[in-house]
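Novice: sequence first, predicted coordinates after that:
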Amino acid sequence: MTSKAYLDTGVLTLFLARNCPLKVQELMDNIKKAKIEGHLLAPVLTEVFLHICKLDGIDSAKISMNSLLKQYPFKIGEQDTSLIISAGILKCQHRETLSYVDCMSIAYCLNNNCVFHTTEKKIKKIPGNTLQKLDVVKYKF
């Protein structure tokens, strides 16, 4: 069975940056070769676009996004009722510490048994049983 990896904004931004860390490059290579099933949500792609746009301009962001989506077989998850409710509960419980996109990403991972690949430093330190069930791989930004 292929493992499922959900990539957050920070991990994708690291990948598209000039000096991509080896650990991120290896993850992306495994997704490209379908050794790992890559997952994300559309709002993450919007955030990535914003970060690349701020760093390198709109044209570079367009090229990077088009290239990423053509070359890598990501499953872009649907924002169904289950995800909306799960993410809403997380946001209600952790409104001071988690962004909306983080809540959607975490809910998606928990609902779809994905490993959460993130640059968030404090994700496991946030109290609550739900987040303790989350399988996390951290990367340094």
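Specialist: Cool, got the structure. Residues are numbered from 1 along each chain as shown.
Novice: which helix or strand in this protein has the lowest average pLDDT?
Specialist: Ranked by mean pLDDT, DSSP states H and E, the helix or strand of the chain with the weakest confidence is helix 129-132, at a mean of 73.
Novice: next, the distance between the ends of stretch 49-63.
Specialist: Looking at stretch 49-63, the gap from its leading to its trailing residue is 10 Å under the measure C-alpha to C-alpha, to the nearest Å.
Novice: now what about that stretch, what contacts it?
Specialist: Stretch 49-63 is contacted from outside by 9, 13, 16-17, 64-65, using C-beta atoms under 8 Å, 6 or more residues apart in numbering. C-betas here are computed from N, CA, C, even on glycine.
Novice: show me which positions of it end up buried.
Specialist: For stretch 49-63, a neighbour-count test (16 or more other C-beta atoms under 10 Å) marks 49, 51-53, 61 as buried.
Novice: continuing past the host helix or strand of Leu50, what's the next helix or strand?
Specialist: Secondary-structure element containing Leu50, defined by DSSP states H and E: helix 42-56. Scanning forward in sequence from helix 42-56, with DSSP H and E defining helices and strands, the next element found is helix 58-71.
Novice: can you tell me which two in the buried residues of stretch 49-63 are farthest apart?
Specialist: His51 and Ala61 (8.3 Å; C-beta to C-beta).
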